[in-house]
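Enquirer: Got a predicted structure here, sequence first:
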Amino acid sequence: MTRTLMTTVAALALCGGAAAAQTVGFSQIGSESGWRAAETTLTRQQAEERGYQLQFSDAQQRQENQIAAIRSFVAQGVDAILLAPVVATGWDSVLEEAAEAEIPVVLLDRRVDSDESLYLTAVGSDLVHEGEVAGQWLVDQVAGEECRIVELQGTTGSSPAIDRKTGFETAIAGHDNLEIVRSQTADFTRARGKEVMESFLQAEGGGADICALYAHNDDMAVGAIQAIKEAGLAPGSDILVVSIDAVPDIFQAIAAGEANATVELTPNMAGPAFDALEAFWAEGTMPEKFIQTESRLYTQADDPQGEYDRRKDLGY
Amino acid sequence: MLLSIRSLTKVFPGTRALDDVDLDIAAGEVHALLGENGAGKSTLIKCLTGAYLRDGGTITLEGAPIDPRSTLQAQELGIGTVYQEVNLLPNLTVAQNLMFGREPRRFGLIDMRGMRSQARATLAQYGLSIDVDRDLGSYSVAIQQIVAIARAVEISGKVLILDEPTASLDAAEVAMVFDVVRGLRDRGMAIVFVSHFLDQVFDLADRVTILRNGRRVASQPIVGLSRMALVEQMLGRALEEVVASPAPEAEQAPAMLHFDGIGRAGVVAPFDLTVAAGEVVGLAGLLGSGRTETAEMLFGIRPAQTGTARDADGPLDLRHPRAAIAAGFGFAPEDRKTDGIVADLSIRENIILGLQARRGWARPIPRAEQNRLADDYIRQLDIRTSGREKPIGELSGGNQQKAVLARWLAMNPRFLILDEPTRGIDVGAHAEILRLIRTLTDKGLSLLLISSELDELVAVADRVIVLRDRAHVAQLTGAAVGADAIMHAIAGTGDAA
Amino acid sequence: MTVLSRIAPQLIVLAALIALVSVFYPGFLSIDIQNGRPVGPVIDILKRSAPVALLAVGMTLVIATRGIDLSVGTIMAICGAAAAWALTQGLGAGAAIALALTAGLAAGLWNGVLVAVVGIQPFVATLILMTMGRGVAQLITEGRILTFTDPGFGWVGSGVALGLPVPVWIWLATAIAVAVIMRRTALGLLVEAVGINRRAAHLAGVNATVLLIAVYIASGFCAALAGIVVTADIRGADANNAGLWLELDAILAVVIGGNSLLGGRFSVAASVLGALIIQTISAGILLAGFASEYNLIIKAGLVLIILVLQSPRIASEWRLWRDSHRAERGRT
């Protein structure tokens, strides 16, 4: 967060009075999750801090709404368009229209199948890398001791579930002391996280045989923590808990010593996007086609209570 | 003989539904198949059409033995069937229904123009010139029935089985269908005709075969056969004729119910009616003349918009069925299956349903009391069943009707409306129900009896009100109640008023 | 037909499933006592069955009237959200439960009026609330998981009373109460009559309109209880996911319970057993440790086998075979 503030200041200093108030259109998918609500909040905050006019459009999960919004942005002659695409395909013609109007488009969070020349850049996280960070933390944490791991997967077949599983397995590969003994889907939800964890505890000697839990998102971890507590064990010490996303509730658990680590999927996609846009507006600098956001690891040493306070009003 | 059946036998667990039955049907004749419910008519037809596999006997068509194993196979052999409920698809067009499964093709696709012209040509043979592009369901049941016949004849062409084809038709429609059937007979088809309506049998059939308890009782030409003889053969005993008891003079009994100027716009023109205790008021008229509508209005199903109803104690609320029931009314509707019975419930539950609804859900009738009521009425009304817990849907039509009557009698009403209580019921049950009506009124119950059978009205009604075109046009009382007088009033030619 | 012979097929299926799961997970029937609370797969199944069992109780009544209630999953989300909101506003557990139950009753009344008075087909009428209601729940939670710490409310979801988890008592009590009310009063008969032939029942003096509204209210109430249980369990209201697709599990439970979707005769006990069967399958899959890609296939396969074995066609074939067999033996 400090870093973000500093770049913001730097950016403001750089383009100070150079550019008049820029207008940016933002076509958001919707508000289906707390994370997306936070992304919207942070995008608004970033735009306000940089003095941009933000035209916000909520597509309510429908591509046709997003296409209509982009056409309207083009008609208004905005200076840039942010697009969080609801699906990967079907964007060619509307992106061409934006390109013809010489309006740069930055993709947030998800990618599209269109030709790279049709957008300026894409900002997003690397899901595999997130899993690797979580896995690496566990490798370092257990320091060579035997550790039987249970894994709560995301929705079967979804790309976060596949990639976060792959990344984690890559990180622990070659460490024979680490072994995933049970792995089941809990659909990214708190309720299923608790239910599936209960069955893991049943199946693994009441939990005595489990050393660590890896959950593909924080919500499942929060549910699992309750199951561990109800089984009479101490989450965070009897069973290590590492998960991904860094939503506010996991920081409460970390602060209480009930979870150990989380990997941030930052909802601040707009910050790097605006940085790239400013460089493009000022000097015509073409950014890389993919800007990877940082997958930062937070542990009990990283002021979890403070992180919770900073996040709790972002709309998670 | 076109179709010969020899020693046909079909056994179900516990019963021999068909026992050594012979039947011969010649080309160019209408052969009526008669019998009470359970006599074996439908089993015989199902064996003929391949719906059942017979357990014994032979079937010969045009001299060659046949062995249909499905309706489809029977159709291909030349035996087509038309049922009481039209078994076509009401949301397809007439042409599509007629040509379904054998549509003319052009380039592998359905040739719509060819289909229409073929359909039109086919129907023209039956004297029908209708728009074949309209949905079948938009036509009257009679026309649907003729389309069904046409389809059966087109596909099969040798034997046509008509299973109660007229049960839901009015007199004019029946005549229309019969003309078509006679035309087919003259073209040399063999026609098997199953019906409960004796009049129609005498009207249409050339020969008649009577079944009783799965056995053939007689096969004979209809000419020279008396109605009584026929009925006696069906029942196996002499029918106690329902004789009209001398009608009590209506004026003598004080009026119990008064309906003044009661009516509903576009349904029934306003009329006055009084009903005395123990009186039977008959309602006569053609289908659509407003008979059922009058009953539904009095029972609050489609409540009256004008007029008032009152008894000795004051005005009556008849705005919905529950209010009418509270006023002591009961209504046994014409269409038992959709409006009367609750098919999956037991006889016991059907009998106590009305009583229970009136008591309210919180005061259940004790089971012992339910059993007593059910057993009482099963005995009193002679409902033929293996037990009170049998689902009512498994009973024959007459026994279902008796159970619906029992439901109302259990509630002890003072005014009971019976809409066609004997429709579709076999002869034996018919007589029993008429006898029952007599005993009820002797106990002081008033009845409004709607019937298409004039003999029935004449036999039991003290007074007959005649409807024409949704208005009450005549009232016949006491000695004036006679079939001829009613007929004249219906037709509007008599001087009865 | 006695109650036992009515639910015999479901009991047999359940016993067979338990035997099957025990093959893959031998300790399935073992129960330990930890910290004064019983722990074991069977206890978990009883507890985890609570939402679907509760929904199935209400759904049984609705289906008996030839209706369907697709909105129960959404009602769970609304009621959970309402309870969580009340708790975050500082109201006590009692007030939160009262508010959630009121919301459930109101949702049921809405469905009932649409079906019985306005005359919209049940599928469509409840579809309206199913799609619209989740938005209402999201408005209450503002799109996030609304968490709370009230231990009293949490006890409803994860507490233990008299040796069993509280949710088990809730669904047991609800199922028994509904079954007793239906069979000790005339309600069961009247509901069945309306379901089989609404017009005939109406003409016999049954107040079909009020009965229909009542069953949808009952379904809403059961859904509210289910919503309270899941919200209390995770100590948070998840408007996006609470009760998601559970209406389908509830309908499945009713069907596995041998109740006809065409209305009429019903058995609450059999539906609840259906819910236990579904949960036993899910738990068995988890305990056996199959890869999660196979979960749905295994579940669907088992459900298919159960439904095929229960189909009226198979049953009548079996009866025919048995009767003819007996008849033959009788003859020799």
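Expert: Here it is on my side, so go on.
Enquirer: the helices in the stretch 101-250 of chain C, which residues?
Expert: Listed in chain order, the helices found in the stretch 101-250 of chain C under DSSP state H, counting those that start in this stretch are C:122-141, C:151-158, C:166-184, C:187-196, C:198-203, C:208-234, C:246-256.
Enquirer: Summarise which helices and strands the fourth one is packed against.
Expert: Contacts of helix C:187-196 with other secondary structure elements, assessed using 3 or more C-beta pairs under 8 Å, 6 or more residues apart in numbering or on different chains; DSSP states H and E, are made with helix B:347-359, helix C:50-64, helix C:166-184, helix C:198-203, helix C:208-234. C-beta here means a position set from N, CA and C on the backbone, and glycine is covered the same way.
Enquirer: Run the angle between it and helix C:50-64 for me.
Expert: Using axes from the mean of the first three to the mean of the last three C-alpha atoms, to 10 degrees, the inter-axis angle of helix C:187-196 relative to helix C:50-64 is 60 degrees.
Enquirer: Can you name the residues in contact with helix C:187-196?
Expert: Contact partners of helix C:187-196, identified using C-beta atoms under 8 Å, 6 or more residues apart in numbering or on different chains, comprise B:342-345, B:349, B:353, B:356-357, B:361, B:364, C:61, C:63-67, C:181-182, C:200-201, C:204, C:206, C:208, C:211-212, C:215, C:263-266.
Enquirer: Can I get the helices and strands packed on helix C:187-196 in TSV including mean neighbour count, distance to chain A and mean pLDDT?
Expert: Putting those into TSV (neighbours: other C-beta atoms under 10 Å in any protein chain shown; distance: least, C-beta to the nearest C-beta, whole Å; pLDDT from 0 to 100) gives the following:
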stretch	mean neighbour count	distance to chain A	mean pLDDT
helix B:347-359	24	42	95
helix C:50-64	31	9	97
helix C:166-184	18	12	96
helix C:198-203	22	38	95
helix C:208-234	27	4	97
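Enquirer: For A:T23, which of those helices is the nearest?
Expert: Comparing the helices and strands packed on helix C:187-196 by their distance to A:T23 (C-beta to C-beta), the top pick is helix C:208-234, with 42.5 Å.
Enquirer: what are the bridge partners for B:V159, then?
Expert: Taking DSSP bridges, one obtains B:I79, B:A190 as the residues bridged to B:V159.
Enquirer: neighbours around B:N87, how many?
Expert: 11 (other C-beta atoms under 10 Å in any protein chain shown).
Enquirer: Name the SS class of it, please.
Expert: Per DSSP: H, G, I helix; E, B strand; the rest coil, the secondary structure class of B:N87 is coil.
Enquirer: Contact partners for it?
Expert: Applying C-beta under 8 Å, 6+ apart, we find B:N87 in contact with B:A148.
Enquirer: Now do it, the pLDDT please.
Expert: The per-residue pLDDT reported for B:N87 equals 76.
Enquirer: can you check B:E103 too?
Expert: You'll see B:E103 listed with a pLDDT of 79.
Enquirer: quick one on the thing from earlier: quick one: which of the helices of the stretch 101-250 of chain C is nearest B:E164?
Expert: Among the helices of the stretch 101-250 of chain C, the nearest to B:E164 by C-beta to C-beta is helix C:198-203 (22.0 Å).
Enquirer: domains for chain A, by residue range?
Expert: Here the domain assignment for chain A is A:2-124+A:267-285, A:127-264, based on automatic domain parsing.
Enquirer: For those, could you give me a markdown table that also reports mean neighbour count, distance to C:G274 and mean pLDDT?
Expert: A markdown table is the format used below for the domains of chain A (neighbours: other C-beta atoms under 10 Å in any protein chain shown; distance: least, C-beta to C-beta, whole Å; pLDDT from 0 to 100):
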| stretch | mean neighbour count | distance to C:G274 | mean pLDDT |
| --- | --- | --- | --- |
| domain A:2-124+A:267-285 | 18 | 32 | 85 |
| domain A:127-264 | 22 | 19 | 94 |
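Enquirer: For the ones you listed, could you give me a markdown table that also reports distance to chain B?
Expert: Output for those, formatted as a markdown table (distance: least, C-beta to the nearest C-beta, whole Å):
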| stretch | distance to chain B |
| --- | --- |
| domain A:2-124+A:267-285 | 33 |
| domain A:127-264 | 37 |
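Enquirer: right, and these - which one's nearest C:Y25?
Expert: Going by C-beta to C-beta, the one of those nearest C:Y25 is domain A:127-264, 7.0 Å.
Enquirer: Show me what from chain C comes close to chain A.
Expert: Near chain A, the residues belonging to chain C are C:25, C:32, C:34-35, C:39-41, C:44, C:48, C:138, C:142-145, C:147, C:158, C:230, C:233-236, C:238, C:240-242, C:244, C:283, C:286-287, C:289, C:291-293, C:295-296 when assessed by C-beta under 8 Å from any C-beta of the partner chain.
Enquirer: Name the residues of the stretch 1-150 of chain A found near chain C, please.
Expert: Taking C-beta under 8 Å from any C-beta as the criterion, the contact residues of the stretch 1-150 of chain A with chain C come out as A:31-34, A:37.
Enquirer: As TSV, the residues you listed with secondary structure would be great.
Expert: What follows is these, written out as TSV (three-state DSSP):
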residue	secondary structure
A:S31	coil
A:E32	coil
A:S33	coil
A:G34	helix
A:A37	helix
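Enquirer: And those residues, which is closest to A:D302?
Expert: Looking at those and their distance to A:D302, the nearest is A:G34, at 20.5 Å (C-beta to C-beta).
Enquirer: which residues sit against stretch C:14-21?
Expert: Stretch C:14-21 has contacts (C-beta under 8 Å, 6+ apart) with C:28-29, C:41, C:273, C:276-277, C:280-281, C:283-284, C:287-288, C:302.
Enquirer: run the last query once more with 6 Å
Expert: The set of residues that contact stretch C:14-21 without belonging to it, under C-beta atoms under 6 Å, 6 or more residues apart in numbering or on different chains, is C:28, C:277, C:280, C:284.
Enquirer: could the helices of the stretch 101-250 of chain C go into JSON lines alongside distance to B:A429?
Expert: As requested, the helices of the stretch 101-250 of chain C are arranged in JSON lines below (distance: least, C-beta to C-beta, whole Å):
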{"stretch": "helix C:122-141", "distance to B:A429": "38"}
{"stretch": "helix C:151-158", "distance to B:A429": "60"}
{"stretch": "helix C:166-184", "distance to B:A429": "34"}
{"stretch": "helix C:187-196", "distance to B:A429": "24"}
{"stretch": "helix C:198-203", "distance to B:A429": "20"}
{"stretch": "helix C:208-234", "distance to B:A429": "30"}
{"stretch": "helix C:246-256", "distance to B:A429": "39"}
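Enquirer: Of all the domains of chain A, which one is nearest B:T385?
Expert: Ranking the domains of chain A by distance to B:T385, with C-beta to C-beta as the measure, places domain A:127-264 first at 51.5 Å.
Enquirer: and that closest one, how far from the chain's centre?
Expert: A distance of 17 Å separates the centroid of the chain from that of domain A:127-264, by C-alpha atoms, centre = their mean, to the nearest Å.
Enquirer: so how far is A:R190 from the one residue in the stretch 51-200 of chain C that gets nearest to chain A?
Expert: Across the stretch 51-200 of chain C, no residue is closer to chain A than C:R144, which sits at 4.4 Å (C-beta to the nearest C-beta). Going from C:R144 to A:R190 by C-beta to C-beta, to the nearest Å gives 12 Å.
Enquirer: Could you identify the most distant pair in the contacts of stretch C:14-21?
Expert: Using C-beta to C-beta for every pair in the contacts of stretch C:14-21, the one that comes out farthest apart is C:F28 and C:I277, at 14.6 Å.
Enquirer: Settle it for me: which of these two has more neighbours?
Expert: Regarding C:F28 and C:I277, a neighbour count based on other C-beta under 10 Å identifies C:I277 as having more, with 25 against 22.
Enquirer: chain center to the helix or strand hosting that one: distance?
Expert: Take DSSP states H and E as the rule and C:I277 turns out to sit in helix C:268-288. Taking C-alpha atoms, centre = their mean, the mean C-alpha location of helix C:268-288 is offset from the chain mean by 11 Å.
Enquirer: Good, wrapping up.
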